[in-house]
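J.: Take a look and give me a structure for this.
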Amino acid sequence: MKEIVLIVTVGKSRDPVVVAHRDLNPMFTVFVASKKTSTQSGSEYVLHHDGEITSSVKGTYTPHGSQTAIITQLNLEPNQYKVALVEDPDNVTEVYKVIMDAYVAIQESHPHAEVVIEMTAGTKCMSAAATIVAYEESLRLSAVQGTRTDLVQVWGNSFRGNQSLRIAEHRRAIRIVQQRLQSRHYRDAKRRCEESLVDVDQTTSEVKQLKKLRDISAAFMHWDEFQHDQALTLLRRYGSEMSKLVTFLSNVEKNKNKFQNYYQGQPASEGHSIGIEIVADVYLNAIRRGEQGRYDDAIGRLYRALELQAQVLLLNYGNIRTNNVSLVDIESRVSPTVLQVLKKQGDQDKIKIALLDSYRLLADLIPAVKSVIADHMSELTGLLDIRNDSILAHGLTVITEEKYTKFLAFVTRFFRALDKALQRSRGIEDYPQLHTEVSLEV
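T.: Next up, the predicted model:
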């Protein structure tokens, strides 16, 4: 059994301190008491002296219970306790500092002991400070309960009990997790949920809410990191509440697998085109990075969305993979100008093409988007310098919010025009973004 060190607040009544001490039987005790002043003895008096406390303001105070000094009642030796004095027992800041300093010292002198804080005796500010330290340091909080004849003190049939701060801790954790979800820091939200759920011994509504927030934070974390299958497993637990996200993510996962198979050599079959959900997923991911102020990262993902849009269209409309383009196969389907541009990649038949050449090829393959690509090609070419100069691409320039906003506006406008030209029933902007607020209903 772990040995206990007790920090106990001391007031005018001796009984709560004695009851708690005898029940806990600590190896060492820190008594937090008020100093003697010009108007009253201070609660340090009850530690070493018998009898009543005197006050020049209210006269003699007669508490219930034993009038024998606490140290005498507990039969403590000098090496078994310490007295920590406070100047003003009604100053919660001062009392907090005294108790916290005592706790820090205990950690050094008794590193393997359990620290328990007893907060019954003393002023309200002393009890409040004791509770705050217990809450912040996740310590066991103790209080003596018993019969009351008035609102001054507990007296008769007294017993000590632990006071649970877990509900307060859990409610605070829930607020913090909700804030982290709003700022899209999903990994930290998940971690905070897990920390709050350690050693939970009862299932309160707050515990249920934290478990739900943990699952959704983990799901969004996995989704943010493109681990779609793991995210899908977690989100499916929450039925109709997450139905739109589940439907979207199911299609992302399905089309991602299809895309990967095609790029590994499987021929694209008629009637089994790749949906733009995988493009929308990267596009929305980029926007989340922009919301966090991670503009270099955001532009890198917007660039990937542009690339992926072209790759999907080339597969769907021409069974063409950008990493393995056959000049012989496309010669009859493209203009001599585009073919000449592509041949600059090398003398071999099979070539790899980059972003701009992908869209030049698309303009020839899909008449519906020819004018859209032509209208946007010059601006796209210019904006690519922003991405290429980024420290995450080929340069050392840090992307500003202004440059990111300009890049995002172009990509959104370009994708919207492609959606309209291709008469897509659902455009890139119609897919749901990850929630910034999660219902606490369980």
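
J.: tell me the secondary structure for Val83?
T.: Secondary structure, DSSP: H, G, I helix; E, B strand; the rest coil: Val83 is strand.

J.: List the residues that contact Glu195.
T.: The neighbourhood of Glu195, defined by C-beta atoms under 8 Å, 6 or more residues apart in numbering, consists of Ala173. All C-beta atoms are positioned from the backbone trio N, CA, C, and that covers glycine.

J.: name the element it belongs to?
T.: helix 186-196 (DSSP states H and E).

J.: Centre of the chain to that helix, how far?
T.: With C-alpha atoms, centre = their mean, to the nearest Å as the basis, helix 186-196 stands 5 Å off its chain's centre.

J.: Mind listing residues that contact the helix or strand just after that helix?
T.: Proceeding N to C from helix 186-196, the next assigned helix or strand is helix 205-224, under DSSP H and E. With contact meaning C-beta under 8 Å, 6+ apart, helix 205-224 is reached by 166-167, 170-171, 173-174, 177-178, 180-181, 184, 186-187, 189-190, 193-194, 196-197, 200, 228, 230-232, 234-235, 237-238, 242, 249, 285, 288, 434-435, 438, 440, 442.

J.: same thing with stretch 420-434?
T.: For stretch 420-434, contacts defined as C-beta under 8 Å, 6+ apart pick out 184, 220, 223-224, 244-245, 248, 276-277, 279-281, 283-284, 287-288, 366, 368-369, 371-372, 412, 415-416, 419.

J.: CA atoms of that stretch as CSV?
T.: Output in CSV follows, covering the C-alpha atoms of stretch 420-434 (Å, rounded to 0.1, in the frame of the first residue of the first chain):
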residue,chain,number,x,y,z
LYS,A,420,-20.0,23.3,-64.9
ALA,A,421,-18.4,22.4,-68.2
LEU,A,422,-18.5,18.6,-67.4
GLN,A,423,-22.1,19.0,-66.1
ARG,A,424,-21.2,17.2,-62.9
SER,A,425,-24.2,16.6,-60.7
ARG,A,426,-22.1,17.3,-57.7
GLY,A,427,-19.3,19.9,-57.8
ILE,A,428,-16.1,20.1,-55.8
GLU,A,429,-17.7,22.6,-53.3
ASP,A,430,-20.7,20.4,-52.6
TYR,A,431,-18.8,17.9,-50.4
PRO,A,432,-18.9,18.2,-46.6
GLN,A,433,-16.0,19.6,-44.6
LEU,A,434,-15.1,18.0,-41.3
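
J.: avg pLDDT for it?
T.: Taken as a whole, stretch 420-434 has a mean pLDDT of 94.

J.: go on, stretch 42-60?
T.: Computed over stretch 42-60, the average pLDDT equals 74.

J.: going forward, begin numbering at 19 instead of 1
T.: Yep, numbering from 19; the last one is stretch 60-78 now.

J.: quick one, phi psi at Arg444?
T.: Phi and psi for Arg444, reported as degrees, to the nearest 10, are phi -140, psi 120.

J.: how many other residues sit next to it?
T.: By the criterion of other C-beta atoms under 10 Å, Arg444 has 12 neighbours.

J.: by how many degrees do the helix holding Glu213 and helix 223-242 diverge?
T.: 150 degrees (axes from the mean of the first three to the mean of the last three C-alpha atoms, to 10 degrees).

J.: buried sites along helix 204-214?
T.: 204, 206-211, 214 (16 or more other C-beta atoms under 10 Å).

J.: which one of the residues you listed sits closest to Glu154?
T.: Ser214 (14.1 Å; C-beta to C-beta).

J.: tell me which element the spatially closest residue to that closest one that is not a sequence neighbour is part of?
T.: Spatial nearest neighbour of Ser214, excluding adjacent residues (C-beta to C-beta, 6 or more residues apart in numbering): Ala191 at 4.0 Å. With secondary structure defined by DSSP H and E, Ala191 is part of helix 184-200.

J.: re earlier: report the angle between the axes of the helix holding Glu213 and helix 184-200?
T.: 170 degrees.

J.: average pLDDT for helix 204-214?
T.: For helix 204-214, the mean confidence score works out to 94.

J.: hang on, isn't Leu159 packed against Ile150?
T.: No. Using C-beta atoms under 8 Å, Leu159 is not in contact with Ile150, being 10.2 Å away.

J.: which ones are touching Ala386?
T.: With the criterion set at C-beta under 8 Å, 6+ apart, Ala386 makes contact with 439-441.

J.: which of the residues you listed are buried?
T.: 439-440.

J.: still on that earlier bit, distance check, the residue nearest to Ser214 against Ile234.
T.: Per C-beta to C-beta, to the nearest Å, Ala191 is found 14 Å from Ile234.

J.: who's more crowded, the two?
T.: A side-by-side neighbour count of Ala191 and Ile234, using other C-beta under 10 Å, places Ile234 first with 28 against 21.

J.: Distance of that one relative to Val195?
T.: For Ile234, the distance to Val195 (C-beta to C-beta) stands at 9 Å.

J.: Overlap in contacts, those two.
T.: By C-beta under 8 Å, 6+ apart, no residue touches both Ile234 and Val195.

J.: Tell me which stretches of the protein form strands.
T.: For the chain, the strands defined by DSSP state E cover 22-27, 46-52, 71-73, 77-79, 99-104, 132-136, 158-163, 177-181, 343-344, 368-369.

J.: Of those, give the one that comes closest to Glu62.
T.: Using C-beta to C-beta, the strands of the chain put strand 46-52 closest to Glu62, at 4.2 Å.

J.: That closest one: partners in the sheet, and parallel or antiparallel?
T.: strand 22-27 (parallel), strand 99-104 (parallel) (DSSP bridges).

J.: Now render those strands as TSV, adding distance to Lys53.
T.: Converted to TSV, these look like this (distance: least, C-beta to C-beta, whole Å):
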stretch	distance to Lys53
strand 22-27	14
strand 99-104	5
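
J.: just to revisit the earlier point, would you mind listing which of the contacts of helix 223-242 are buried?
T.: Buried among the contacts of helix 223-242 (16+ other C-beta under 10 Å): 184, 188, 191-192, 195-196, 198-199, 202, 204, 207-208, 211, 214, 246, 249-250, 252-253, 256, 260, 267, 303, 306, 452, 456.

J.: that older thread, from the contacts of Ala386, which is closest to Thr86?
T.: Leu440 (90.9 Å).

J.: Now that closest one. Its backbone dihedrals?
T.: Dihedral angles for Leu440 - degrees, to the nearest 10 - are phi -90, psi 0.

J.: could you measure it against Tyr63, distance?
T.: From Leu440 to Tyr63 the distance is 87 Å (C-beta to C-beta).

J.: Is there a neighbour count for His66? I'd like the number.
T.: Counted with other C-beta under 10 Å, residues neighbouring His66 total 12.

J.: my bad, Glu126
T.: When neighbours are counted by other C-beta under 10 Å, Glu126 comes out with 7.

J.: same check, this time on Ser59
T.: Ser59, neighbours per other C-beta under 10 Å, totals 19.

J.: likewise Gly336?
T.: So Gly336, with other C-beta under 10 Å, has 19 neighbours.
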